[in-house]
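Visitor: Next one to model:
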Amino acid sequence: MMASGLANPQIIAHLEKSLDYTIFDVRWIPCSARFVVVGSHARGTGALQVFEMGQKDLVCSKKYEKKDEIKCCTFGATALQDRHLATGNFKGKMETWDLEKGDMPVYSVKAHSEIINCIDGVGGLGIGLGAPEIVTGSRDGTVKVWDVRQENDPVAMMQPKESEAKRDCWAVAFGNTYTEAERVVAAGYDNGDIKLFDLRSMSVRWETNIKNGVCGLQFDRKDILMNKLVATTLEGKFHTFDVRVEHPKRGYPSVIEKAHKSTIWGVRHLPQNRDVYMTLGGNGSLCLWKYNYPKERTNQDADGVEFGVAGTVEQIQNVILGTQPISGFDWSPDKEGLCVCSGFDQTVRVCIVTRLKSL
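Guide: Residues are numbered from 1 along each chain as shown. Coordinates of the predicted model:
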């Protein structure tokens, strides 16, 4: 149900630009009015472009063509003074780039035997404690964690047991980095599995199946004690898990919402308010949501064991920007309400979401 009232935020398409390649991901460059776009040319090469906002148009300031198509990217593990972009490509390579001189990668490793579908970073940009690390998930079924300060071996690897079938990993997310030692990775797979890996103990901390391919995962914040995790799916539902208290039998509580009437390609939490997030629709739509906590976040079962209580999710606003899926989205970390999104219609759009402070 959508909230009503004159104070509701509005999603306004501010600037847009059509490109000549398929766009897979977009990211704001921290502490700037620029963003980076990655994707795939029809001739099978990778696209990497930097855009800045003009008064009436989006202006390309840097343009690089790479040997291999690029699927995903993140700034999450870079130092703020460097702002190196980490990318995953169709040939399984993970690379980092200096966008000012992006002809050759700063770091390159053959990370996987097949396409890297998803990537996330932590420990960079002054956010979160611990080492700067990058996690990659691949069609080859493995999830790997990398420290680019080290040699070309992963610092951690999660893979199926010999008795398990190989599953295509579609989504990864770091979380729980509130101390130097604590860190988790959430991974989502094509069969609906979600697995939470504890990197301190190198074990599976929790797992569940949401009966639908997991297209996107994100914790509401990476640098706090685990609070909420949102998972989006192939057939239009998303799950918001309260991950503060895990019951030994019930696991983590969640609330399920149906949205977009199509695949939900991803989710992005508002940097300035962890209870507000945007979901990306396969029908070309964006939906803005707010999570409302219950009066009491925990209760006890008949045996006196504590379990978590899920809250509710409220749709604040939605807009249809095109006819093709929204493939990438990122909030500006510096200016509240400013965001950029990309669609499979080969268009990148800068949008403004108004009145967010009223939420």
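Visitor: Report the separation between the spatially most central residue of the chain and residue 174.
Guide: Nearest to the geometric centre of the chain sits residue 218, at 5.4 Å (Cα atoms, centre = their mean). From residue 218 over to residue 174 the distance is 10 Å, taken as Cβ to Cβ, to the nearest Å. Just so you know, the C-beta spots here come from the backbone N, C-alpha and C atoms, and that holds for glycine as well.
Visitor: Helix or strand for the residue nearest to the centre of the chain, just tell me which one.
Guide: Residue 218 is part of strand 214-219 when elements are defined by DSSP states H and E.
Visitor: Can you list the strands that that strand pairs with?
Guide: strand 228-233 (antiparallel) (DSSP bridges).
Visitor: Name the next helix or strand downstream of the strand it pairs with, please.
Guide: Using DSSP H and E, the helix or strand that follows strand 228-233 in sequence is strand 237-242.
Visitor: list the helices and strands that next one packs on?
Guide: Packing partners of strand 237-242 (3 or more Cβ pairs under 8 Å, 6 or more residues apart in numbering; DSSP states H and E): strand 228-233, strand 254-258, strand 264-270.
Visitor: Least confident of those strands, on average?
Guide: Among the helices and strands packed on strand 237-242, strand 254-258 carries the lowest mean pLDDT, at a mean of 94.
Visitor: Okay, buried residues for that one please.
Guide: Of the residues in strand 254-258, those buried under the neighbour-count criterion (16 or more other Cβ atoms under 10 Å) are 254-255, 257.
Visitor: Can you add distance to residue 276 and give the residues you listed back as TSV?
Guide: What follows is these, written out as TSV (distance: Cβ to Cβ, whole Å):
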residue	distance to residue 276
254	18
255	15
257	14
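Visitor: Show me what counts as buried in stretch 182-201.
Guide: Buried residues in stretch 182-201, counting neighbours by 16+ other Cβ under 10 Å, are found at 182-190, 192-197, 199.
Visitor: how far out from the middle of the chain is it?
Guide: Centroid separation for stretch 182-201 versus its chain: 14 Å, with Cα atoms, centre = their mean, to the nearest Å.
Visitor: try stretch 29-47
Guide: With Cα atoms, centre = their mean, you get 16 Å for stretch 29-47.
Visitor: any idea of the mean pLDDT in it?
Guide: Averaged over stretch 29-47, pLDDT sits at 96.
Visitor: Start from the N-terminal end of the stretch 51-200 of the chain and give the strands.
Guide: Remark: strands assigned in the stretch 51-200 of the chain by DSSP state E, counting those that start in this stretch are 58-66, 70-74, 85-89, 93-97, 107-110, 116-122, 133-138, 143-146, 156-158, 169-175, 184-189, 193-198.
Visitor: can I get those strands in CSV with distance to residue 281?
Guide: Listed next are the strands of the stretch 51-200 of the chain as CSV, based on distance: least, Cβ to Cβ, whole Å:
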stretch, distance to residue 281
strand 58-66, 22
strand 70-74, 19
strand 85-89, 23
strand 93-97, 28
strand 107-110, 34
strand 116-122, 18
strand 133-138, 22
strand 143-146, 26
strand 156-158, 30
strand 169-175, 16
strand 184-189, 18
strand 193-198, 21
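Visitor: could I get these as CSV with distance to residue 283 and mean pLDDT?
Guide: Formatted as CSV, the strands of the stretch 51-200 of the chain follow (distance: least, Cβ to Cβ, whole Å; pLDDT from 0 to 100):
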stretch, distance to residue 283, mean pLDDT
strand 58-66, 24, 97
strand 70-74, 22, 98
strand 85-89, 26, 98
strand 93-97, 31, 97
strand 107-110, 37, 96
strand 116-122, 21, 97
strand 133-138, 25, 98
strand 143-146, 30, 98
strand 156-158, 33, 95
strand 169-175, 19, 98
strand 184-189, 21, 98
strand 193-198, 24, 97
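Visitor: Those: which one's closest to residue 285?
Guide: The closest of the strands of the stretch 51-200 of the chain to residue 285 is strand 169-175. By Cβ to Cβ, the value is 19.5 Å.
Visitor: who touches the closest one?
Guide: Strand 169-175 is contacted from outside by 76, 117-122, 128, 133, 135-139, 141-143, 183-190, 213-219, 221-222, 226, 229, 231, 266, using Cβ atoms under 8 Å, 6 or more residues apart in numbering.
Visitor: Starting from it, tell me which strands it pairs with and how they run.
Guide: Its sheet considered, strand 169-175 pairs with strand 184-189 (antiparallel) by DSSP bridges.
Visitor: How about residues contacting the strand it pairs with?
Guide: Contacts of strand 184-189 (Cβ under 8 Å, 6+ apart): 135, 137, 143, 145, 158, 167-176, 194-199, 205, 213-217, 219, 226, 229, 231.
Visitor: one more time with 6 Å, if that's ok
Guide: With contact meaning Cβ atoms under 6 Å, 6 or more residues apart in numbering, strand 184-189 is reached by 135, 137, 143, 167, 169-176, 194-198, 214, 217, 231.
Visitor: Mark which of those residues are buried, thanks.
Guide: Buried among those (16+ other Cβ under 10 Å): 135, 137, 143, 167, 169-176, 194-197, 214, 217, 231.
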